[in-house]
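Novice: the following comprises the amino acid sequence and a computationally predicted model.
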Amino acid sequence: MQNRFQRFVSMTALILLSFAVGVSNAAAGEKPDMQGWGIDDPYNKLYDVREYEKIRASVIRVKEVVPMPGMSPATALDVREGDDVFEVQLCPTWYRKPEEIRLKKNERIKLKGVWAEINGKDVFIASKIKKDPDIDIIKVRLTKDGTPFWTMTSEQLAMESEKD
């Protein structure tokens with residue numbers, strides 16, 4: 001009887017241990033790839049709030065890009081302003097995937113953010129996108145200082161959503 005009970009306890013412990021290891025590995029696999037997206041990384045330092053601009057443009061397409069060599073992918077847009085076509089970089093794809101951006105070709109949008117030169121190309125790093133007339137689509141940075149939402153704590157993000 002004692003032997004059967006010991007086997008039961010051992011098997012239960014083994015199953016629970018396997019489950020715990022599996023859960024911790026799954027959670028580790030879900031951790032976002034911050035490669036190049038940290039608050040002190042070179043890409044974020046390109047966001048100079050003193051260069052803040054507002055632009056009206058039309059959507060050409062939503063896509064995925066790699067902003068700088070070694071970075072994890074970003075969600076971006078190609079847009080047209082008059083005769084000019086340029087890229088708007090939003091955020092890491094793990095924060096917002098291209099298919100989650102509810103914009104269609106030729107929709108008019110308002111962009112807020114800054115211009116930066118990356119790899120010899122001018123790109124617009126967005127902080128906010130609104131669809132005409134004034135419907136918020138996506139906010140990814142604080143307007144006042146450019147802090148990326150993906151670097152904020154859940155408490156900070158909750159405070160930002162309360163402001164909306």
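Specialist: Received the coordinates, thanks.
Novice: could you look up the SS state of the residue nearest to M152 when sequence neighbours are not counted?
Specialist: Nearest non-adjacent residue to M152, counting by C-beta to C-beta, 6 or more residues apart in numbering: E160, 7.4 Å away. Bear in mind the C-beta positions are built from the backbone N, C-alpha and C, glycine included. In three-state terms, and counting by DSSP: H, G, I helix; E, B strand; the rest coil, E160 is helix.
Novice: pLDDT wise, what is E160 at?
Specialist: Per-residue confidence at E160 stands at 81 (pLDDT).
Novice: now P32
Specialist: pLDDT, read off for P32, is 62.
Novice: repeat that for D136.
Specialist: D136 carries a pLDDT value of 70.
Novice: pull up the gap between it and D40, please.
Specialist: Distance of D136 to D40, computed by C-beta to C-beta, to the nearest Å: 28 Å.
Novice: neighbour count: the two, which is higher?
Specialist: D136 (10 against 7; other C-beta atoms under 10 Å).
Novice: now do the same for that one: helix, strand or coil?
Specialist: Following three-state DSSP, we place D136 in the strand state.
Novice: separation between it and A57?
Specialist: Separation of D136 from A57 (C-beta to C-beta): 16 Å.
Novice: the longest strand along the chain pairs with which strands?
Specialist: If you go by DSSP state E, the chain has its longest strand at strand 53-65. Partners of strand 53-65 in the sheet, by DSSP bridges, are strand 74-81 (antiparallel), strand 108-118 (antiparallel).
Novice: could you give the mean pLDDT of it?
Specialist: Mean predicted confidence for strand 53-65 is 96.
Novice: buried ones in that strand, by neighbour count?
Specialist: By 16 or more other C-beta atoms under 10 Å, the buried positions in strand 53-65 come out as 55, 57-60, 62, 65.
Novice: nearest to D48, of those residues?
Specialist: I55 (16.0 Å; C-beta to C-beta).
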